[in-house]
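Q: Based on what follows, work out the 3D shape:
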Amino acid sequence: MRMTLLGTGVRTPFVLHGLADRAVEVGLDEVVLHDIDADRLRTMTGLGGHLVRSWGASFSVRGEPDARAALAGSRFVFSAIRVGQERARALDEQIALKHGVLGQETTGPAGFAMALRTIPVMLEYARLIEEVAPEAIVVNFTNPVGIVVQALSDHSSIRVVGVCDGPIDMKRSVAQLLGVPGDEVHVDYAGLNHAGWIHRVLVDGRERMAELLERYEELRAQDESWRLFDAELVRSIGMLPMEYLYFYYYRDRAIENVLRSHGTRGEQIAAINDRLWPVLRERIDAGDDDGAERAWERAMDMRHATYFARERGEDVREAPDEDDVAVGEPVGEAVEMFEGDGYEGLATAVIAAAVRRMKIPLIVNGPNRGAIGRLAEDDVVEVTSLVDEHGATPIAQGTLPDLAYALLEPLKAYERLTVRAAVEGSYRTALEALLIHPLVGSYPLARGILDDYLSAHAELLPAFR
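A: Model prediction:
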């Protein structure tokens, strides 16, 4: 069985590791990497090949610059592309902050800008998959995940499941507090990508949500992601919020913290990656695969140590120099690179469920089909679903509290309009999408942000010319 990875960013080794753990189980014998950047493709193919050999994986890794050849005959496709790379992300965030609005890769105007330039490219890949790999299941991690899956569902016939590591991290944290293995905990999660809540928790058939709300201070002490929210807020909601809801519940604080940090996460990631890629290329070309692996691990440790730090108002380390990546010490407490199951574990679980033809409960993105009351059948949502060879079948979540719909309904309308704007190249529709976004909500503001994005990304948004 062949699997294709679209996009060879610095997180590619995580995906390969997840596949290595289940390669024999699913019968995987070849992973094909594809990227439009030939230099990155060659470098990551070298590093990825070294890693899978060191792990004793049962599959080979090869790079293929031609998209048609890379996709032809693949049973599964994992998508993690980034149109415009880190420079475009940094511009997205800077422009939003210039207008006094949150700048974040997937949330608010920055996520909107990323969607506008990403959707047309993803639809081109979808048309190619329809032609050369019509039976493939596409596992999408390309951001913004929910909007991209909405576009693929609306405008292609491919089978697609969107994955995000946020909800699975929440479930793991809940299981840890309750003192039970993760597989013995059932959580009902409902919302949109980066805007959802755990609203039901079962262990041995017993509801444990009330206990979790009562013990929320313990959750905060155990896991820093829960510290974003005051216990009083969480108890008033009656659900456990995923961390990106911080940008809505504490909007002013988040913007103030980022502005005070004198930079954005996008700029920080760009600085780390700009130092990493030349080191990786040099080490791979010199045959020093172990040195390349060490450099990659240091860079990933830097990313991990500063995740969400700006938004929380914590001190953020300045951009690393080359020695940091090449020979320096890890930043903060060193972490096990492949500890637990993040999005790569979720992605390989989707693959295993399809190959084994078993219904496995996973929190993924797909069409609503009545799972969340008051949202349309074909609205892409992020909910607990049963995943098998057919894709994802959402589990009914019932009617959520009014407080949830107050956020979900305008956000879903924004997502729908963003897809339309990207497909049609419509300025008017793009402006309407920004106007109704809860973090914008002002016509002059929306127009100023949109004009700046169209100017900054003119080459990446040909439909708007």
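Q: residues near Thr118, how many?
A: 23 (other Cβ atoms under 10 Å). Placement of C-beta: from N, CA and C, glycine included.
Q: no wait, Arg428
A: That count, for Arg428 with other Cβ under 10 Å as the rule, works out to 10.
Q: Give me the secondary structure label for it.
A: helix (DSSP: H, G, I helix; E, B strand; the rest coil).
Q: Need the pLDDT of it.
A: pLDDT, Arg428: 98.
Q: if you skip the residues just before and after it, what's nearest to Arg310?
A: Closest residue to Arg310 apart from its sequence neighbours, by Cβ to Cβ, 6 or more residues apart in numbering: Ser261 at 4.3 Å.
Q: Look up how far Glu93 lies from the one you found.
A: 12 Å (Cβ to Cβ, to the nearest Å).
Q: Pick out whichever of the two has more residues nearby.
A: More crowded of Ser261 and Glu93, by other Cβ under 10 Å: Glu93, with 26 against 19.
Q: which residues sit in contact with Arg159?
A: Ala136, Ile137, Val138, His390, Gly391 (Cβ atoms under 8 Å, 6 or more residues apart in numbering).
Q: where does the protein have low pLDDT?
A: The chain contains residues with pLDDT under 70 at 316-341.
Q: Report all helices and strands that the helix or strand harbouring Arg310 contacts.
A: Per DSSP states H and E, Arg310 falls inside helix 309-312. Judged by 3 or more Cβ pairs under 8 Å, 6 or more residues apart in numbering; DSSP states H and E, helix 309-312 is in contact with helix 251-260, helix 265-285.
Q: what's the angle from the following helix or strand past the longest one to helix 265-285?
A: The one in question is helix 265-285. Using DSSP H and E, the next helix or strand after helix 265-285 towards the C-terminus is helix 289-305. Interaxial angle of helix 289-305 relative to helix 265-285 (axes from the mean of the first three to the mean of the last three Cα atoms, to 10 degrees): 170 degrees.
Q: for helix 289-305, the distance to its chain's centre please.
A: In this view, helix 289-305 has its centroid 20 Å away from the chain centroid, taken as Cα atoms, centre = their mean, to the nearest Å.
Q: Packing partners of that helix?
A: helix 38-55, helix 265-285, helix 322-326.
Q: Columns mean neighbour count and distance to Glu184 on top of the ones you listed, output as CSV?
A: Shown next, in CSV, are those (neighbours: other Cβ atoms under 10 Å; distance: least, Cβ to Cβ, whole Å):
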stretch, mean neighbour count, distance to Glu184
helix 38-55, 19, 28
helix 265-285, 20, 35
helix 322-326, 18, 40
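Q: I'd like those laid out as a markdown table, including distance to Val419.
A: Output for the helices and strands packed on helix 289-305, formatted as a markdown table (distance: least, Cβ to Cβ, whole Å):
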| stretch | distance to Val419 |
| --- | --- |
| helix 38-55 | 28 |
| helix 265-285 | 23 |
| helix 322-326 | 38 |
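Q: Run through the bridge partners of the nearest residue to Asp66 once chain neighbours are set aside.
A: Using Cβ to Cβ, 6+ apart and skipping the chain neighbours, the partner closest in space to Asp66 is His34 (7.9 Å). Listed by DSSP bridges, the beta-bridge partners for His34 are Leu6.
Q: OK, contacts around His34?
A: 4-8, 41, 63-67, 70-71.
Q: now do Thr393
A: So Thr393 contacts Lys359, Arg369, Ser385, Leu386, Val387 (Cβ under 8 Å, 6+ apart).
Q: With respect to Lys412, which of the helices and strands packed on helix 289-305 lies nearest?
A: Checking the helices and strands packed on helix 289-305 against Lys412 by Cβ to Cβ gives helix 265-285 as the closest, at 25.2 Å.
Q: Could you name the helices and strands sitting against that closest one?
A: Against helix 265-285 (3+ Cβ pairs under 8 Å, 6+ apart) you get helix 38-55, helix 85-98, helix 289-305, helix 309-312, helix 322-326.
Q: switch the cut-off to 7 Å
A: Under the contact definition 3 or more Cβ pairs under 7 Å, 6 or more residues apart in numbering; DSSP states H and E, helix 265-285 sits against helix 38-55, helix 85-98, helix 289-305, helix 322-326.
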